[in-house]
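Visitor: Here is my input; please provide its structure:
(one chain, ligands or ions: 3)
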Amino acid sequence: CGIFGVTGVQDAANFVALGLHALQHRGQEAGGIVSYDQAAGFSEARRFGYVRDNFTKASLMETLPGSLAIGHVRYSTAGSKGTTAIRDVQPLFAEFAMGGCAIAHNGNLTNAVALREELIRHGSIFQSGSDTECIIHLMARSIQKTIPERIKDALRRVEGAFSVVAMTRSKLIGVRDALGVRPLMLGRVGETGWVLASETCALDIIGATFEREVEPGEMVICTEEGVESFFPFQRVKPRFCVFEYVYFSRPDSVIGGQSVYETRRRIGEELAKEAPVEADLVCPVPDSGTPAAIGFSQQSGIPYAMGIIRNQYMGRTFIEPTEQIRNMGVRLKLNVNRAIVQGKRVVLVDDSVVRGTTSQKIRDMIMDAGAAEVHFRIASPPTMWPCFYGVDTPDRSKLIAARMSEEEIREFIGVDSLKFVSLDGLYRACGAEEGRDPRAPRFCDACFSGEYPVRPSDMIDTGFKL
Ligand code: 5GP
Ligand code: SF4
Ligand code: MG
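Guide: Residues are numbered from 1 along each chain as shown. Ligands and ions are numbered 1, 2, ... in the order given. Here you go, the predicted structure:
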């Protein structure tokens, strides 16, 4: 999901709409905005679909007045998977004795099922299927006197990954879990304005300047007077999601002082060093494989070409929740550039192989177009484990690399060769010169390594084996 908040600007909701538009790649199912204005109080709007189709209409934006607003773009991981109800769409809003509070969450809570049962037993009435709602009910049960203190109380009880943007009548609040699994950026806009956003590309779109990242385990409270900082959780070594670099974030974003594009390009260089091949062309599977293909081409000296063309009017296939839509989506989205690949030995670079169905279809299309050889190079290690921290990987039975070796996958897809980048190669590309330190890895890489930095306790309760 993508989260965004701004304070200290006129018509804050318009800024939020722009920010969410820049974060649309993080969630395409639905979006929502909550604003606060002294005269009008809190206003809310939640809609299915793209930001540009909803939150650009003057008639809707006029109903969201005020100088403080937050928003969310949703992609369903936890909660009512596939069948999102409008009441699952964030920001969630609740009225407490000390005033209203809206909250938007990116990530996934790993003890939400257990917490929900406990809260319901104690009288909480849940309105949605969303794990985020646990935070609201934990806040309601807190004895603290202010909303920020209640947020701290609540977040000390949840486990898992969360970057949170929240607001009261006067405060914009940002929090990251102790490991800092999901990103959260702090920016400045105008003389007195502050912005919180999942990625720097959302600061750029409104002309905000990057101030710094909200640190893992940090809570920031932004008002017109400035930014206060707190560290409410036990400090631990951060474990940012390495998959944000591989796929999830936008290539024009900078995370941890590193360009996402440059990181992906370097993964391609690592791949070319680890798994060289004689070929005529390097082609990306667009768009997710593009920077890595550029890196592969630069390192290997094999010319780069657009052997596959993407229809710009299709969204990211994997964010569509059902298998059927996903399967249809591939053909609607990608087409082979026959004139370019015919008779050529082609290296195809993609970011990841998850189910293996995309790769198989692409192989069929490119062979139909008359390619002489097809070599797959994948800019991440084999995806062998599901993510429980906010990225929608399917369960283990559907992950092709959990069932098959590299050679078996090669045969299944039907290509001349197939290589995944190593975990060490990925770490080097992400700035860890020495590779992955197995005693203290710098990132979360559980979907590749199976080493989960937070115990997925709800999943273990339902039989998941580590
Ligand atoms: P697959 O191997 O699952 O058929 O497709 C892999 C390709 O689709 C990659 O290009 C990746 O960008 C995208 N993709 C498809 N499904 C998923 C998914 O469930 N999770 C992730 N992370 N990427 C996916
Ligand atoms: Fe990111 Fe993978 Fe960890 Fe999930 S399991 S947070 S996708 S690295
Ligand atoms: Mg892709």
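
Visitor: Could you use CA atoms for every contact and neighbour count after this?
Guide: Will do.

Visitor: For the host helix or strand of His375, C-alpha coordinates in PDB please.
Guide: In the assignment (DSSP states H and E), His375 maps to strand 373-378. Output in PDB follows, covering the C-alpha atoms of strand 373-378 (Å, rounded to 0.1, in the frame of the first residue of the first chain):
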ATOM      1  CA  GLU A 373      17.400 -18.800 -28.300                       C
ATOM      2  CA  VAL A 374      15.800 -17.500 -25.100                       C
ATOM      3  CA  HIS A 375      17.800 -17.100 -21.900                       C
ATOM      4  CA  PHE A 376      16.100 -15.900 -18.700                       C
ATOM      5  CA  ARG A 377      17.900 -13.900 -16.100                       C
ATOM      6  CA  ILE A 378      16.100 -13.000 -12.900                       C
END
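
Visitor: who's in contact with Leu115?
Guide: Leu115 makes contact with Cys134, Val158, according to CA atoms under 8 Å, 6 or more residues apart in numbering.

Visitor: Check what contacts the helix or strand just after the strand holding His375 and list those residues.
Guide: Remark: after strand 373-378, the chain's next helix or strand is helix 400-403, criterion DSSP H and E. When contacts are defined by CA under 8 Å, 6+ apart, helix 400-403 is touched by residues Val353, Val354, Arg355, Gly356, Pro382, Thr383, Met384, Trp385, Arg396, Ser397, Ile409.

Visitor: for those, which one is nearest ligand 2?
Guide: Trp385 (7.3 Å; CA to the nearest ligand atom).

Visitor: Retrieve the pLDDT associated with that closest one.
Guide: The model reports Trp385 with a pLDDT of 97.

Visitor: which of the contacts of helix 400-403 count as buried?
Guide: Among these, those scoring as buried are Val353, Val354, Arg355, Gly356, Pro382, Thr383, Met384, Trp385, Arg396, Ile409 (criterion: 16 or more other CA atoms under 10 Å).

Visitor: In TSV: those residues, plus distance to ligand 2.
Guide: Compiled in TSV, these are given as follows (distance: CA to the nearest ligand atom, whole Å):
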residue	distance to ligand 2
Val353	13
Val354	12
Arg355	15
Gly356	17
Pro382	11
Thr383	8
Met384	10
Trp385	7
Arg396	12
Ile409	20
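
Visitor: Go back to these and keep what's next to ligand 1.
Guide: Val353, Val354, Arg355, Gly356 (CA under 6 Å from any ligand atom).

Visitor: Make CSV from these and add pLDDT to it.
Guide: CSV is the format used below for these (pLDDT from 0 to 100):
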residue, pLDDT
Val353, 96
Val354, 95
Arg355, 94
Gly356, 93
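
Visitor: all helices of the stretch 251-400 of the chain, in order?
Guide: Along the stretch 251-400 of the chain, the stretches classed as helices by DSSP state H, counting those that start in this stretch are 260-274, 290-300, 323-333, 338-341, 357-368, 400-403.

Visitor: For Leu68, which of the ones you listed is the nearest?
Guide: Closest approach to Leu68 among the helices of the stretch 251-400 of the chain is made by helix 260-274 (29.6 Å; CA to CA).

Visitor: Check the residue lying farthest from the centre of the chain and give its pLDDT.
Guide: When distances are taken from the C-alpha mean of the chain, Gly343 lies farthest, 38.2 Å away, according to CA atoms, centre = their mean. Note for Gly343: predicted pLDDT of 98.

Visitor: hang on, the earlier thing: among the helices of the stretch 251-400 of the chain, which gets the worst mean confidence?
Guide: Taking the mean pLDDT of the helices of the stretch 251-400 of the chain, helix 323-333 comes last: a mean of 68.

Visitor: Count the neighbours of the closest residue to Pro276 other than its chain neighbours for me.
Guide: The shortest distance from Pro276 to any non-neighbouring residue, by CA to CA, 6 or more residues apart in numbering, is to Ser300 (7.3 Å). The number of residues packed near Ser300 is 19, by other CA atoms under 10 Å.

Visitor: gap between Ser300 and ligand 1?
Guide: For Ser300, the distance to ligand 1 equals 22 Å [CA to the nearest ligand atom, to the nearest Å].

Visitor: which residues touch that residue?
Guide: Contacts of Ser300 by CA under 8 Å, 6+ apart are Glu269, Ala272, Lys273, Pro276.

Visitor: Just the buried ones among those residues, please.
Guide: Buried members of those, counted by 16+ other CA under 10 Å: Glu269, Ala272.

Visitor: What helix or strand is the one residue in the stretch 1-150 of the chain that gets nearest to ligand 2 located in?
Guide: Of all residues in the stretch 1-150 of the chain, Gly107 sits closest to ligand 2, at 8.4 Å by CA to the nearest ligand atom. Assigned by DSSP H and E, Gly107 falls within strand 99-109.

Visitor: Enumerate the residues of the stretch 51-200 of the chain near ligand 2.
Guide: Val181.

Visitor: Could you give the residue of the stretch 51-200 of the chain that lies closest to ligand 2?
Guide: Closest point on the stretch 51-200 of the chain to ligand 2, by CA to the nearest ligand atom, is Val181, at 6.0 Å.
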